[in-house]
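Visitor: let me see the structure of the following:
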Amino acid sequence: FGETGAQSSVIPAFDAALGVEMTQDELLPYLKAMRDYMPPKHRDFIARLEAGPSIRRMILEAATRRTTEKERLLIKTYNRCLSNLVTFRSVHFELAFSFVRKWDEREDTEIKGTGGTPFMPYLKKHRLATRDLLVTLCDDKTLS
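Guide: Below you'll find the model as predicted:
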C-alpha cells in the first residue's frame with residue numbers, strides 16, 4: 001500500500017464515536033487493514049469506541065419518544081457533528097476531484113488513489129452514507 005489518509009485514526013475515530021458504519025464492499029477490508037499502520041493506542045481507542053456504548057443508539061432512542069429540551073439539544077448537537085463530518089467528506093471529495101479526477105479521462109472505477117483504491121466512488125458513497133444518518137425526531141423534524 002502507498003501512503004493514504006486511511007492510515008490516519010482521526011476520521012475512523014469520529015465514525016466510530018458517531019456510529020457511522022461503512023457498508024460491506026471492496027473498500028472495507030482495505031480500511032480495516034490500514035488500522036495495522038496506526039499507532040497501537042489509536043487502534044485500541046477506535047476499537048473501544050466501536051464496542052460501545054453506542055452514542056447513536058442513545059440518540060435514536062431519544063428521537064423516537066417525546067423529548068425533553070436537553071434531549072433535543074443533544075440530538076441537535078449529534079446532528080451538527082454528523083453535518084461537520086459530511087462537510088469534511090464533501091471537501092475531501094472536491095479536493096480529490098480537483099487535483100486528481102478531473103485530469104484523468106478514465107472511468108472513476110479505473111482511477112486509483114494513493115492507497116491503490118478506486119477512491120471517487122467510495123468518497124461519494126461515504127459522504128452520502130454519513131448524511132443519511134442525520135436523526136429526525138418522531139415529529140418528523142430533522143434537527144441541525
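Visitor: in the lowest-mean-pLDDT helix or strand in the chain, what's buried?
Guide: Sorting the helices and strands of the chain by mean pLDDT, DSSP states H and E puts helix 27-34 at the bottom, at a mean of 80. For helix 27-34, burial by neighbour count (16 or more other Cβ atoms under 10 Å) applies to Leu27, Tyr30, Leu31, Met34. From N, CA and C alone the C-beta is placed, and that goes for glycine too.
Visitor: pull out the buried positions in the helix ranked longest in the chain.
Guide: The single longest helix within the chain, with elements called by DSSP state H, is helix 69-99. Neighbour counts over helix 69-99 (16+ other Cβ under 10 Å) mark 71, 74-75, 78-79, 82, 85-86, 89, 92-93, 96-97 as buried.
Visitor: turn the buried residues of helix 27-34 into CSV, including distance to Ile46.
Guide: As requested, the buried residues of helix 27-34 are exported to CSV (distance: Cβ to Cβ, whole Å):
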residue, distance to Ile46
Leu27, 17
Tyr30, 15
Leu31, 11
Met34, 11
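Visitor: from those, which is closest to Glu50?
Guide: The shortest approach to Glu50 among the buried residues of helix 27-34 belongs to Leu31, at 12.4 Å (Cβ to Cβ).
Visitor: got the phi/psi numbers for the nearest residue to Thr109 once chain neighbours are set aside?
Guide: Computed as Cβ to Cβ, 6 or more residues apart in numbering, the closest residue to Thr109 that is not its neighbour in sequence is Pro118, at 4.7 Å. When quoted as degrees, to the nearest 10, the phi and psi of Pro118 stand at phi -80, psi 90.
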